[in-house]
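In: quick check, what structure comes out for this input:
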Amino acid sequence: MRARHALHLGVIALAVIVAYAASVHGEWISDDITSIAQNPVLRSLAPGNILLIMSRFEGPNYAPLYMLSYAIDWAMFGNDPTGFHVVNLLFHIADAALVYWLLLRLGERDALAFGVALVWAVHPVQVESVAWITERKNVLSTLFFLLAFIAYVRYSDHPRPRTYAAIVLLYLCGMLTKINVIVLPAVMLTYELTYRARLRRRDVLATLPLFAIAAFLAWVNLHGNTTHGANYHGGSLWVTLRTSATVIPQYLRLIVAPFGLSSFYYTPLRASWLDLDVLGSVILIVGLLGTACVLAWRRHPSAFWILWFFVTLSPMLNIVPFPALMDDRYLYIPLVGPLVLIAWGVDAVVRRTPAVGRAVPVLVGVAALACVALTIARVPAFHDELSLWADWALRTVYITSDRPYGPAPRPRELQLLRDALAKDESSAVLHNNLGGIAFEEGRMPDALAELSRAYQLEPRNPAIALNLGRAYLYSRQPEAAARILEEAVRLEPPSYYANLNLARAYILNGDAPRASDALARARAIRPTWSDLGQVEDALARLERR
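Out: Reported below is the predicted structural model:
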């Protein structure tokens, strides 16, 4: 048995190494540059410097253990990203081994545990977490999370103080690495209610110290930064929840058919529960949660894996708001649940039709090889800054800055867009992104030409309408700007910048009442935003005249 387990783990490790081999040659990209390559705090492991690392925020997060891991890497590898990539890869292999161990600990057959852990490890949706050095916090926090939950499964059957102490310590380490592991006590209770069909007094008591740790570190994170918990998207919890609901079907689709992955997803804000995308998403979510409740009532453990997906994803659904609405990396832990359910579905078919059983190893092999191939193809997107930019800019609508700011010329980016446009003249995305760069560089005739073409091709896209409206505004065509921005607001009513720029257009047109209404909507969405004051002053001057 141990030989079989060792063989399974060896195959998983080999598959991960093959899939991610190119990642070790990646450069510093995006947040890597400021957080690691240019961060002087990571240059020393002297006691005083370690104390500094443990006491400071990195960006909006208090996650000192993952920053300490970079300092250790720096001591070993210096300013060479190769070593950092290798460490990320080793953590990911360890996480895959823990997924395998967890499933065995829960009583799954060796073959099923192997298949799930293998596909989880090489699934292309994981590339962002593994190939991007900055996402060390994801792979490292998952290590602590899985170790803590495996320890809890043991503690649930054989409660010992040292096992419980290990759970608390591992949970604390996870929380000091990434706040999303906050859900561990909820997963523990879900396990007892669904997998074990019980909830004892001691099960609840076991979670109380963990909830206390969670509450304290959540307060530290929210108290010490200005981006998390500050403003709900669209200025409303309900707008945020409606928008987050539409992300769930997209995640499930990416799990089953991982095509069109991106380092940036444009997610329009949703103003109504009757929006067809929102309505369909809510029906799906309610259906899945209702199914989980029925299965739990019938003491079927599949309820646990449905709820695993939702519970482990919940910190990433903007219940406490933060800037991003959707990212591949948010599926790193939740992915286990759907894969187990798929494996159980295949297993149920095999039991009813034994002849199909002979084809299952082939199917698992094909699925794993397909995932390896897709992962190999995806890894280069995280090789360098240009590749990362092109990964989303060639297929996702670019939302410009609120005003031209004259950035450094971007000849390589422009050439990539023009080369792609030569192959697909009808791409609204490419026309929009070319126009967006022209707008930011202050080339208004070029911006208007490209953005107008994008708007003709895709008139119902609120981001394109916003970009075009801004271009008209800064081209001193306020009437055209107002017309297009009215459409942008109609398409996406909770958009702060659509309402703010519409107010600017109305002011330039001398229409104080409608400017006041648009400004009031913008203020309701982001009441403390710094650029409100300038527009308010302009409106006051207009009203005095």
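
In: and Gly224, what's its pLDDT?
Out: Predicted confidence (pLDDT) for Gly224: 63.

In: so where's the protein shaky on pLDDT?
Out: 1, 224-230, 355-358 (pLDDT under 70).

In: longest helix anywhere in it?
Out: Ordering each helix of the chain by length in residues (DSSP state H) puts helix 81-105 first.

In: what residues sit buried inside that helix?
Out: 81, 83-85, 87-89, 91-104 (16 or more other C-beta atoms under 10 Å). Placement of C-beta: from N, CA and C, glycine included.

In: for stretch 185-205, same thing?
Out: By neighbour count with 16+ other C-beta under 10 Å, stretch 185-205 contains the buried residues 185-196, 203.

In: centre-most residue in the protein?
Out: Asp327 (2.6 Å; C-alpha atoms, centre = their mean).

In: state the distance from that one to Val130.
Out: Asp327 sits at a distance of 14 Å from Val130 (criterion: C-beta to C-beta, to the nearest Å).

In: which helix or strand contains Tyr307?
Out: Tyr isn't right for residue 307; it's Leu. In this assignment (DSSP states H and E), Leu307 forms part of helix 302-313.

In: could you check the angle helix 81-105 makes with the helix or strand just after that helix?
Out: Using DSSP H and E, the helix or strand that follows helix 302-313 in sequence is helix 336-352. For helix 336-352 against helix 81-105, the angle by axes from the mean of the first three to the mean of the last three C-alpha atoms, to 10 degrees is 50 degrees.

In: helix 81-105 and whatever helix or strand comes next after the longest helix of the chain, what's the angle between them?
Out: Downstream of helix 81-105, the next assigned helix or strand under DSSP H and E is helix 110-122. In terms of direction (the same axes, to 10 degrees), helix 110-122 departs from helix 81-105 by 150 degrees.

In: off-centre distance for helix 110-122?
Out: 23 Å (C-alpha atoms, centre = their mean, to the nearest Å).

In: so which elements touch that helix?
Out: Here helix 110-122 touches helix 2-20, helix 81-105, helix 336-352, helix 360-378, going by 3 or more C-beta pairs under 8 Å, 6 or more residues apart in numbering; DSSP states H and E.

In: can you give me the buried ones in stretch 484-502?
Out: For stretch 484-502, a neighbour-count test (16+ other C-beta under 10 Å) marks 484-489, 491-502 as buried.

In: start to end distance for stretch 220-236?
Out: End-to-end distance for stretch 220-236: 23 Å, by C-alpha to C-alpha, to the nearest Å.

In: circling back: out of the helices and strands packed on helix 110-122, which gets nearest to Gly406?
Out: Gly406 sits nearest to helix 81-105 of all the helices and strands packed on helix 110-122, at 30.7 Å, using C-beta to C-beta.

In: the closest one packs against which elements?
Out: helix 2-20, helix 64-77, helix 110-122, helix 127-131, helix 136-157.

In: now with 6 Å, please.
Out: helix 2-20, helix 64-77, helix 110-122, helix 136-157 (3 or more C-beta pairs under 6 Å, 6 or more residues apart in numbering; DSSP states H and E).

In: now do the following helix or strand past the longest one against helix 64-77, angle only.
Out: Pointing back at helix 136-157 there. Of the helices and strands lying after helix 136-157 in sequence (DSSP H and E), the nearest is helix 161-175. Per the same axes, to 10 degrees, the angle that helix 161-175 makes with helix 64-77 is 80 degrees.

In: could you list the buried residues of helix 161-175?
Out: For helix 161-175, the neighbour count (16+ other C-beta under 10 Å) marks Ala166, Ile167, Leu170, Tyr171, Leu172, Cys173, Gly174, Met175 as buried.

In: can I assume Thr528 sits in a helix?
Out: No. In this structure, Thr528 is coil, not part of a helix, as judged by DSSP: H, G, I helix; E, B strand; the rest coil.

In: the closest residue to it other than its chain neighbours: neighbouring residues, count only.
Out: Once flanking residues are discounted, Thr528 sits nearest to Asn231: 7.8 Å by C-beta to C-beta, 6 or more residues apart in numbering. Using other C-beta atoms under 10 Å, Asn231 has 19 other residues around it.

In: Ala518 - how many residues pack around it?
Out: Count around Ala518 with other C-beta under 10 Å applied: 27.

In: contact partners for it?
Out: By C-beta atoms under 6 Å, 6 or more residues apart in numbering, Ala518 lies in contact with Asn499, Leu502, Ala503.

In: let me know the secondary structure of the second one.
Out: Using three-state DSSP, the secondary structure recorded for Leu502 is helix.

In: pretty sure it sits against Ile484.
Out: No. Here Leu502 lies out of contact with Ile484, judged by C-beta atoms under 6 Å, at a distance of 9.3 Å.

In: correct me, but Gly337 touches Trp305?
Out: Yes. Judged on C-beta under 6 Å, Gly337 makes contact with Trp305 at a distance of 4.2 Å.

In: out of everything not next to it in sequence, what's closest to Arg154?
Out: Of all residues beyond its chain neighbours, the one nearest Arg154 is Thr163 (5.9 Å), with distances taken as C-beta to C-beta, 6+ apart.
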